[in-house]
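3D, please:
(chains A and B)
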Amino acid sequence: MTTTEPAPTEAEERPVGFGRLLRKEDPRLIRGMGKFVDDIQMPGMLHLAILRSPMAHAKIVSIDKSAAEAHPKVVAVITGEDLAEQGLAWMPTLSNDVQAVLATDKVRFQHQEVAFVVAEDRYSARDALELIEVDYEWIDPVVDVRSAMDADTPVIRDDLEGKTDNHIFDWETGDEAATNAIFESADVVVSEEIIYPRVHPAPMETCGCVADVERVSGQLTLWSTTQAPHAHRTVYALVAGLPEHKIRVIAPDIGGGFGNKVPIYPGYVCAIVASLVIGKPVKWMEDRTENLVSTGFARDYVMQGEIAATKDGKILAVRTNVLADHGAFNGVAAPTKYPAGFFGVFTGSYDLEAAYCKMQAVYTNKAPGGVAYACSFRITEAVYLIERIVDCLAYELEMDPAELRLKNFIQPDQFPYESKTGWVYDSGDYEPAMRLAMEMAGYDELRREQAEKREKGELMGIGISFFTEAVGAGPRKDMDILGLGMADGCELRIHPTGKAVVRLSVKTQGQGHETTFAQIVAEEIGIPPEDIEVIHGDTDNTPFGLGTYGSRSTPVSGAAAALVTRKVRDKAQIIASGMLEVSVADLEWVKGSFHVKGDPSKSVTIQDIAMKAHGAGDLPEGIEGGLEAQICYNPENLTYPFGAYICVVDIDPGTAVVKVRRFIAVDDCGTQINPMIIEGQVHGGLADGVGMAMMEMIAFDEDGNCLGGSLMDYLIPTALETPDWETGHTVTPSPHHPIGAKGIGESATVGSPPAVVNAIVDALKPYGIRHADMPLTPSRVWETMRGNHTPPI
Amino acid sequence: MQVPAPFEYERATSVEQAIALRERLGEEARFIAGGHSLLPMMKLRLANPEYLIDINDCTELFYITEDADQIRIGAMTRHRELLDSALLAQHFPIFRDAEKVIADPVVRNRGTLGGSLCQADPSEDLSAVCATLDASCVIKSTTGERVVSMHDFHVGPYETAVGDAEMLTEIRIPLKPNGSSAYEKVERRAGDWAVVSAGAAVWMDGATIAEGRVGLAAVGANTTSIGPVSEILRGATPSEELYQQAGEAAAANCSPQTDQRGTAEYKTHLAMELTKRALRRSVTRANGQEA
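The predicted structure is shown next:
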């Protein structure tokens, strides 16, 4: 991987604050010394395996578990009926729907949980699954999302009282009448059906937990692969009726999340129930297939996109009609008021006169989920829609896609900018980012090369994507999940010797929180990052907050960390005034110490102050001993990072094999805390984008069988499919964030798929191609070249 | 972690011992060579053998040697050794072409030629390579050995001529003058099975092709060698028209299925396109014209 950023100099290698800094967590992870859920071993620990449905839609006629129970190493076999007796057969989803923990009446997707076995070892638990006899009665599955609402379609959710169809919700945003009026009179209107197929986050570590219920105290300790330990604790309290103070959720090292570890899965609940019933610790770890076929998928939107413009390329309005496949249970993880996540930002980075979106969400016989895979709550779909349809417009207008975008950007003086769907973009300066990307790419030269190649029949494409995200959920007045506000706590303690511990509610899954948050505290208080321990992922030892997803850690908890540090610094200043015998107003903060204004020789370091705070002798009046603080930060608004991406591809006309030659990514996430970590996040997201654009898709056959049940079938890209990434940045700070930072974790995953697809479609221009759907495998590209493009769903 | 069903494990240190074990344990026993097909199938419980006979200690099967008129390769020779062999690269560059795009380095360090051929996956590359080179297979049992052609060895998908109490021990490839070969593969991603692969080999007689062979992978049950293409090539003078004609014959003699790797039409097209490319490259190499 390459980068255009300069290599760090000696002095920059150990910044006390922001700058390039090797990750504090890496020495243990690189040496294989990380501690993951599956590393947890406890005396007497039992193993749980889940029996899953072979069919997508079927009535459960009977279950015979006697042979499994007779297995010498099996401790318990539990069915949905057993759970129903305890009132635990169903659980709430994150979208106020319910989901079966174990199926009782019928199965609603292939690989749905039907029963579980607890045994002395993992092998025996798995072996015993084959001894459970289930008699199923076939029901026609609903696989095609487009026919889910047809009159004669079987009703999937007959568990819901009065349910007579597969409808979940209708949702709309924007001004329909104003948008329609513009469409009626516009010079140019372009329509295209744009599909974002179902994909899967496929984290390296699958989901799992170890549940340990102590029989006497009733204390539940749950080591769990969760991105949101506090939110999960509260949900367990609500589901299982366990008192919340008796629940401790620990998320140890997590091997990738990407949204996959936000929901609560039936397996976690099964393990808790098993430990509760048996009185021993119980481990459940999914295998790879289980992870791919049953846990939180992403996307699955069929979007009818329409764009209206003047003939000289002024974009006037965007309109879209979306059909959303939510699977068998509505398990979307999104703030309550946002059933379509933040899809409302589909107006992108452009200053429009009107916009309107109408959406219908339906049940199908597929695994539940819906918001996962680094999507910033559906902004992935929104950005793909707008960036694809803008390219379709450029095609029709015969305009350069870069020029068309530059002509329509929201201008710097328009910020804060309220979009036509009501989103207030905090800050942005789009043209410099776009120009930088074009300069790094050598855009004009690339276009010249492309023209020459087209003369010779060679296929080369240049794709552009310019995205704006809305991340950092979110303000309490607007955003909650299951009634829990999306504000984050943070606690900072400075020890007597001047070392510090900062406790976060968010939880890294690989993003580097242990480094980034130490740097935020360091920047604010001047203690070196190596002297600051970051504690996270343990509900008993950290303040409440909603967790890490939707690129919210830096926007929300990062702000909390900065503000709690300032609170400590304010106290330190008072103590320093006592130590230096001057008034607080006479002190000046120079990173790491307070100086008497005008007399720099009179100063105390933060370490001196920490010792004083805990030491003997009087403190200024009204000041308690100790040097620590806690806050809960309620963000004023989301942050709006943006970026300009350019992808260059070459296509072999004989085989339709696409080679991604170059990828230029200019990101603006406001103030940069650790540019190296930012680049790492961007690199990963760009690889995701290449994967989704070219190979990833969870497909189903007509019987609802999942065709993506292994990494041989569900492909994720390797280093050989990805080019050297060329990254750059601009810095437009967020005006409302204490340090001006915006989220970056998902920018590249959100922004890169349209760049790759736009490049491939651009390469196919000689064939008269305006659109082709992901995943653009060689076969799909070849069929498109022949005019045989068919939608993937 | 995906875990296999219970099985017994034996480790053989010689071919003789391995065959004796196989004969004793019967049809529920499987040899395990590199294990890169068998173990994943066991973990997915698609294969549930009662016994595994590990033959990784059968060191007598690790070799690539040249005889007067043939190259002999021991069945336990790893992909990595096939990739690195200067001897193979000199006589049959198709091996290096293919091995560069088979799976990934980790799999290539462990997987074997014999294991690949015995797995007989229709998408597997080495069956096509060996068939293209008109290889023959040495199959041993307690009573002796027999030699079968690749055509007879590869019975169908996941099916070979090797019996329950037999073992594939060696692959023999005839050495003929003025020949060369090449392999072309399209895959969705590095390490994926082929969407389609095509191997080609030619033996020149001056400016004409004395003999030419083409083998395909992933386009049907029995396409490891395409006889009609050999008919077209025999005695012909290389030209773009000839490659086109051969490619069309290859396409006409395959029966691919539409699946996630591609449509049947696309695969048929690739059978033609890759056959042309592999033949063109083989001839270029045979004429000593490749850089």
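
excluding covalently adjacent residues, which one is nearest to residue 127?
In the absence of a named chain, this looks at chain A. Distance criterion Cβ to Cβ, 6 or more residues apart in numbering or on different chains; nearest residue to residue A:127, sequence neighbours excluded, is residue B:5 at 6.3 Å. Where you see a C-beta, it was placed from the backbone N, CA and C, and this is true even at glycine.

not quite, go with chain B.
residue B:224 (4.9 Å).

what sits against the one you found?
Taking Cβ atoms under 8 Å, 6 or more residues apart in numbering or on different chains, we find residue B:224 in contact with B:127, B:128, B:130, B:131, B:132, B:150, B:151, B:154, B:215, B:216, B:217.

so who does the fifth one touch?
To tie it back to what came earlier, the one meant is residue B:132. Each residue near residue B:132 by Cβ under 8 Å, 6+ apart is listed here: B:94, B:181, B:199, B:200, B:201, B:213, B:214, B:215, B:224, B:225.

and the fourth one, how far from chain A?
Spelled out, that is residue B:200. To chain A, residue B:200 is 15 Å away according to Cβ to the nearest Cβ, to the nearest Å.

tell me the confidence at that residue?
The model reports residue B:200 with a pLDDT of 98.

that one belongs to a strand?
Yes. Under DSSP: H, G, I helix; E, B strand; the rest coil, residue B:200 sits within a strand.

need the contact list for it.
Contacts of residue B:200 by Cβ under 8 Å, 6+ apart are B:94, B:132, B:181-183, B:212-215, B:275, B:278-279, B:281-282.

which parts of stretch B:221-232 are buried?
B:222, B:223, B:224, B:225, B:226, B:229, B:230, B:232 (16 or more other Cβ atoms under 10 Å in any protein chain shown).

please apply the same query to stretch B:228-244.
Going by 16+ other Cβ under 10 Å, stretch B:228-244 has these buried residues: B:229, B:230, B:232, B:233, B:236, B:238, B:242, B:243.

bridged to the nearest residue to the fourth one once chain neighbours are set aside, which residues?
Meaning residue B:233. With Cβ to Cβ, 6+ apart as the criterion, residue B:233 has its nearest non-adjacent residue at 3.1 Å, and that residue is residue B:212. Assessed by DSSP bridges, residue B:212 has beta-bridge partners residue B:202.

go ahead and confirm residue B:212 touches residue B:205.
No. Using Cβ atoms under 8 Å, residue B:212 is not in contact with residue B:205; the gap is 11.1 Å.

picking that back up, just the ones of the buried residues of stretch B:221-232 in helices?
If you go by DSSP state H, those have B:229, B:230, B:232 in helices.

check contacts around the residue in the stretch 251-400 of chain A that chain B sits nearest to.
Residue of the stretch 251-400 of chain A nearest chain B, by Cβ to the nearest Cβ: residue A:287 (4.2 Å). Residue A:287 sits next to A:206, B:1, B:2, B:3 when contact means Cβ under 8 Å, 6+ apart.

which residues are in contact with residue A:384?
A:194, A:196, A:753, A:754, A:757.

repeat that with 10 Å
Residue A:384 sits next to A:194-196, A:299, A:301, A:303, A:305, A:346, A:465, A:467, A:689, A:692-693, A:750-751, A:753-754, A:757, A:774 when contact means Cβ atoms under 10 Å, 6 or more residues apart in numbering or on different chains.

wasn't it part of a helix?
Yes. Using three-state DSSP, the secondary structure at residue A:384 is a helix.

if we ignore the residues flanking it in sequence, what's nearest it?
The nearest residue in space to residue A:384 (Cβ to Cβ, 6+ apart) is residue A:754, at 5.1 Å.

again, but for residue A:255
That would be residue A:205: by Cβ to Cβ, 6+ apart, it lies 2.6 Å from residue A:255.

same check, this time on residue B:245
residue B:232 (5.6 Å).

and that neighbour, how close does it get to chain A?
Relative to chain A, and taking Cβ to the nearest Cβ, residue B:232 is found at 20 Å.

ok, that residue - contacts?
B:209, B:212, B:214, B:226, B:242, B:243, B:245, B:246, B:247, B:248, B:249, B:250.

wait, the second one touches residue B:245, no?
Which is residue B:212. No. The criterion here is Cβ atoms under 10 Å, and residue B:212 misses it with residue B:245 at 11.6 Å.

more crowded one of those two?
Taking neighbours as other Cβ atoms under 10 Å in any protein chain shown, residue B:212 and residue B:245 compare with residue B:212 leading, 28 against 16.

shared neighbours, residue B:212 and residue B:205?
With Cβ under 10 Å, 6+ apart, residue B:212 and residue B:205 have common neighbours residue B:235.

can you point me to the longest helix in the chain?
You didn't say which chain, so I picked chain A. helix A:559-580.

sorry, should have said chain B
Assignment by DSSP H; longest helix in chain B turns out to be helix B:264-286.

could you dump that one to CSV, C-alpha only?
The C-alpha coordinates for helix B:264-286 follow below in CSV (Å, rounded to 0.1, in the frame of the first residue of the first chain):
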residue,chain,number,x,y,z
ALA,B,264,-23.1,-20.7,-19.5
GLU,B,265,-22.8,-18.3,-22.4
TYR,B,266,-19.9,-16.5,-20.9
LYS,B,267,-18.2,-19.7,-20.0
THR,B,268,-18.6,-21.0,-23.5
HIS,B,269,-17.2,-17.7,-24.8
LEU,B,270,-14.2,-18.1,-22.4
ALA,B,271,-13.6,-21.7,-23.6
MET,B,272,-13.1,-20.2,-27.0
GLU,B,273,-11.2,-17.1,-26.0
LEU,B,274,-8.9,-18.9,-23.6
THR,B,275,-8.2,-21.8,-26.0
LYS,B,276,-7.1,-19.3,-28.6
ARG,B,277,-4.9,-17.5,-26.2
ALA,B,278,-3.3,-20.7,-24.8
LEU,B,279,-2.7,-22.0,-28.3
ARG,B,280,-1.2,-18.8,-29.5
ARG,B,281,1.1,-18.7,-26.6
SER,B,282,2.1,-22.4,-26.9
VAL,B,283,3.1,-21.9,-30.6
THR,B,284,5.0,-18.7,-29.8
ARG,B,285,6.9,-20.6,-27.1
ALA,B,286,7.5,-23.6,-29.2
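
picking that back up, what do residue B:212 and residue B:245 both touch?
Joint contacts of residue B:212 and residue B:245 (Cβ under 10 Å, 6+ apart) are B:229, B:232, B:233, B:236.

including pLDDT, could the residues you listed go into CSV?
Output for these, formatted as CSV (pLDDT from 0 to 100):
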residue, pLDDT
B:229, 96
B:232, 97
B:233, 97
B:236, 98
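
in the chain, where is pLDDT below threshold?
The chain I'm using is chain A. A:1-13 (pLDDT under 70).

please go with chain B instead
In chain B (pLDDT under 70), the answer is B:291.

give me the domain ranges for it.
B:8-54, B:59-174, B:179-285 (automatic domain parsing).

can you say which of the ones you listed is packed in most?
domain B:179-285 (a mean of 22; mean count of other Cβ atoms under 10 Å in any protein chain shown).

quick one: end-to-end distance for it.
One end of domain B:179-285 to the other measures 8 Å (Cα to Cα, to the nearest Å).

what residues does the stretch 51-200 of chain B have near chain A?
B:101, B:104, B:184-193, B:195-196 (Cβ under 10 Å from any Cβ of the partner chain).

can you do 7 Å?
B:186, B:188, B:189, B:190, B:191, B:192, B:195 (Cβ under 7 Å from any Cβ of the partner chain).

against residue A:387, how distant is the spatially closest residue to residue A:470 that is not a sequence neighbour?
Closest residue to residue A:470 in three dimensions, ignoring its sequence neighbours and counting by Cβ to Cβ, 6+ apart: residue A:638, at 4.5 Å. Distance of residue A:638 to residue A:387, given as Cβ to Cβ, to the nearest Å: 20 Å.

one more: residue B:284?
43 Å.

please apply the same query to residue A:275.
Residue A:275 is 48 Å from residue A:387, by Cβ to Cβ.

assign the closest residue to residue A:562 other than its chain neighbours to helix, strand or coil.
Leaving aside its sequence neighbours, residue A:562 sits nearest to residue A:738 (Cβ to Cβ, 6+ apart; 4.3 Å). Following three-state DSSP, we place residue A:738 in the coil state.
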